[in-house]
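Trainee: The sequence isn't on hand, but the structure is:
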């Protein structure tokens, strides 16, 4: 019976994941629809579309090489600090029995055989430096990368700069297809141009939604109730989460101070502040009726969230802020935060979904929740993606293979949907993360409410990265901080509009 249930849940999650990426009605802005209550497209229609949308182009490029740039930590000799870093999104050198690795291998094999191409991978540096590496190659007119995977933290250096090609100019690819995330297509399109996109083709994007992992043992020990029901009743809000954190935090070893042996409420990082603002229903930007991005982070809600969250994140008596322990633990997330959560000494771990992969050996039970709302009046849960991990597709301006590039992108998108997405869900969700049907329901909500914002990838005037700096500096004066950069934000937006219009 448990096996049958697991199969049913897997099928349901896969269908819902495809629906979240495909259905126009889930492409929304805050205060439109409630993801938990919205059914979206019918599953039969979605399943049929997944297998009927793609039509083999019946071409043969006779072994022509397509060069794909992607982070390749193993080839570049970079330390694997998270298990998922062993995967390169662009390829797998051979099959080894790992479901995700083998799915990557099979996807490329099918693309190469169908199109008569040879996929060659240009191994880019790690997340912090891969953008600079690609930028230098393009500016030097080095035609060595035709398609690139790029993580969110590096995207601003390519947006509106002429370094990448408008994806709408690439033939043979249809961005309305279900393997392209329609949330990203709608959000990133500006004046009829599409500089970037994501979807099934980007494995790391599946790892990147920001979630709350919670320790079930601690929830039971402290009689905190049914957290899943809080979500269902629209009562899973920031103030409630903070209250729970303060309830459980205490000095375990009795030495009169909170240290590495004690029990905490929340494990987080300074970048978590921006995620709290977004999940609290605040947009950075929103396009007006003419498609011009307008600044949206000027309201009282943003101020209230900053005043509530900055002191809480920095409350050392209640929470663990990763940067406070970086001197003692060079890999603080892996060597300190993860073991603390696995040892039943932290109630919540606010991080990417990829953390679930790391918890495969955890004995204590845990569940998955979306980030909490600002208040009960907020009509939807919003799940931002981690800018460190979510990857986007770019076509460098040096690319001279438009026809083949379009065919490769479309085939990789489709076969990623067929091969990689199921392997990812089976490995990281079914076997490692989903320990009950309630978490399956929560994952449905999370996948259906991926959140993208132009302000995140353009980061005009540091309008997004400013939140991390405010958390690090314990700065709660948002009004003055925003006033300091407002002119720069608007100037950079105007420049982007002038360039693209």
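Mentor: Done, it's in. Not measured: the values here are computed from a predicted model.

Trainee: ok, residue 216 touching residue 366?
Mentor: Yes: at 5.9 Å, residue 216 counts as touching residue 366 under the criterion of C-beta atoms under 8 Å. Any C-beta I mention is one placed from the backbone N, CA and C, and that applies to glycine too.

Trainee: Look at those two and report which has more neighbours.
Mentor: residue 366 (23 against 16; other C-beta atoms under 10 Å).

Trainee: and that one, bridged to which residues?
Mentor: For residue 366, the beta-bridge partners are residue 215 (DSSP bridges).

Trainee: what residues are up against it?
Mentor: 213-216, 341, 359, 435 (C-beta atoms under 8 Å, 6 or more residues apart in numbering).

Trainee: quick one: pLDDT of it?
Mentor: Looking at residue 366, its pLDDT reads 90.

Trainee: so how far is residue 406 from it?
Mentor: For residue 366, the distance to residue 406 (C-beta to C-beta, to the nearest Å) stands at 43 Å.

Trainee: Looking at the contacts of residue 366, which two lie furthest apart in space?
Mentor: Maximum pairwise distance in the contacts of residue 366, criterion C-beta to C-beta, is 14.6 Å, between 341 and 435.

Trainee: Compare those two (neighbour count), which wins?
Mentor: Neighbour count, other C-beta under 10 Å: between residue 341 and residue 435, residue 341 has more, with 27 against 15.

Trainee: Could you check how far that one is from residue 332?
Mentor: 13 Å.

Trainee: which residues of the chain fall in strands?
Mentor: Per DSSP state E, the chain carries strands over the ranges 64-71, 117-124, 147-151, 210-215, 264-268, 285-287, 293-295, 319-321, 346-352, 366-369, 383-384, 391-394, 450-451.

Trainee: Out of these, which is closest to residue 162?
Mentor: When the strands of the chain are compared (using C-beta to C-beta), the closest one is strand 391-394, at 12.5 Å.

Trainee: so what secondary structure elements neighbour that closest one?
Mentor: strand 147-151, helix 203-207 (3 or more C-beta pairs under 8 Å, 6 or more residues apart in numbering; DSSP states H and E).

Trainee: now with 7 Å?
Mentor: Packed against strand 391-394 by the contact rule (3 or more C-beta pairs under 7 Å, 6 or more residues apart in numbering; DSSP states H and E) you find strand 147-151.

Trainee: how far is the strand it packs on from where the chain is centred?
Mentor: Relative to its parent chain, strand 147-151 has a centroid offset of 14 Å by C-alpha atoms, centre = their mean, to the nearest Å.

Trainee: try stretch 64-74
Mentor: On C-alpha atoms, centre = their mean, the centre of stretch 64-74 falls 21 Å from the chain's centre.

Trainee: Equivalent analysis for stretch 311-319, please.
Mentor: 25 Å.

Trainee: I'd assumed residue 147 was in contact with residue 134.
Mentor: No: between residue 134 and residue 147 there is no contact under C-beta atoms under 7 Å: 11.1 Å.

Trainee: More neighbours: which of the two?
Mentor: A direct count of neighbours by other C-beta under 10 Å for residue 134 and residue 147 places residue 134 higher, at 27 against 24.

Trainee: Contacts for stretch 331-349, please.
Mentor: 81-82, 212-215, 217-218, 241, 244-245, 248, 252, 260, 263-267, 320, 322, 325-326, 329, 355, 358-359, 362, 364 (C-beta atoms under 7 Å, 6 or more residues apart in numbering).

Trainee: what about residue 226, how many neighbours?
Mentor: Residue 226, neighbours per other C-beta under 10 Å, totals 11.

Trainee: again, but for residue 466
Mentor: 21.

Trainee: got a list of what it touches?
Mentor: 481, 485.

Trainee: where does it land on pLDDT?
Mentor: For residue 466, pLDDT reads 97.

Trainee: how far away is it from residue 131?
Mentor: Computed as C-beta to C-beta, the residue 466 to residue 131 distance reads 19 Å.

Trainee: cool, and residue 313?
Mentor: The gap separating residue 313 from residue 131 is 27 Å, by C-beta to C-beta.

Trainee: Next: residue 210.
Mentor: 21 Å.

Trainee: all helices of the stretch 251-400 of the chain, in order?
Mentor: Using DSSP state H, counting those that start in this stretch, the helices of the stretch 251-400 of the chain run over residues 272-279, 300-313, 332, 338-342, 355-358.

Trainee: Show me the one of these that comes nearest residue 112.
Mentor: For residue 112, the closest of the helices of the stretch 251-400 of the chain is helix 355-358, at 28.1 Å, according to C-beta to C-beta.

Trainee: Quick check: buried residues in that closest one?
Mentor: Buried residues in helix 355-358, counted by 16 or more other C-beta atoms under 10 Å: 355-358.

Trainee: can you tell me the average pLDDT over that helix?
Mentor: 80.

Trainee: Also stretch 155-175?
Mentor: Averaged across stretch 155-175, pLDDT comes to 96.

Trainee: quick one: terminal-to-terminal distance for it?
Mentor: Terminal residues of stretch 155-175 are spaced 20 Å apart (C-alpha to C-alpha, to the nearest Å).

Trainee: cool, stretch 124-138 as well?
Mentor: 13 Å.

Trainee: what separates that stretch from the chain centre, distance-wise?
Mentor: 20 Å.

Trainee: In this structure residue 456 contacts residue 464, no?
Mentor: Yes: using C-beta under 7 Å, residue 456 is in contact with residue 464, at 5.0 Å.

Trainee: Now for the two: what residues contact both?
Mentor: Taking C-beta under 7 Å, 6+ apart as the criterion, residue 456 and residue 464 both touch residue 284.

Trainee: how much space is there between residue 488 and residue 135?
Mentor: 21 Å.

Trainee: typo on my end, residue 241
Mentor: For residue 241, the distance to residue 135 equals 39 Å [C-beta to C-beta].

Trainee: The two - which one has more neighbours?
Mentor: Comparing residue 241 with residue 135 by other C-beta under 10 Å, the one with more neighbours is residue 241, at 24 against 17.

Trainee: out of everything not next to it in sequence, what's closest to that one?
Mentor: Counting by C-beta to C-beta, 6 or more residues apart in numbering, residue 372 is the residue found nearest to residue 241 once chain neighbours are left out, at 4.8 Å.
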